[in-house]
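Colleague: what's the 3D shape of this:
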Amino acid sequence: MYTGVDAICWVPDITEWVRVVAELLKSGGQFYIIEGHPMRWSVSDEDRGDQIVIEWPYFELAGPQG
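Modeller: Residues are numbered from 1 along each chain as shown. This is a model prediction of the structure:
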């Protein structure tokens, strides 16, 4: 079972959500989850040593970026 990136913040009742996941997961099955903060989309992918470089806007803009 898999959940998409950053899906948890949209779940209104996390306890109920986890209960449903446990109910649907086969015995011995695996559940994959990846979560993070949307700030990561603003940070450059380039390795700049110990620097964190904000390359993209954090807030949505009217047009496409990149």
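
Colleague: strands of the chain, start to end?
Modeller: Using DSSP state E, the chain contains no strands.

Colleague: the residue of it most remote from its centre and Ile33, how far apart?
Modeller: Largest separation from the mean C-alpha position in the chain: Ser27, at 25.8 Å (C-alpha atoms, centre = their mean). Distance from Ser27 to Ile33, counting by C-beta to C-beta, to the nearest Å: 19 Å. In short, each C-beta sits where N, CA and C put it, glycine included.

Colleague: likewise for Ile8?
Modeller: Applying C-beta to C-beta, the value for Ile8 to Ile33 is 7 Å.

Colleague: repeat for Glu23
Modeller: From Glu23 over to Ile33 the distance is 16 Å, taken as C-beta to C-beta.

Colleague: more crowded one of these two?
Modeller: Comparing Glu23 with Ile33 by other C-beta atoms under 10 Å, the one with more neighbours is Ile33, at 12 against 7.

Colleague: identify the residues contacting the closest residue in space to that one that isn't next to it in sequence.
Modeller: Distances taken as C-beta to C-beta, 6 or more residues apart in numbering put Thr3 closest to Ile33, at 5.1 Å, once the chain neighbours are dropped. Thr3 is in contact with 31-34, counting by C-beta atoms under 8 Å, 6 or more residues apart in numbering.

Colleague: what ranges do the helices span in this structure?
Modeller: Here the chain has its helices, by DSSP state H, at 14-24.
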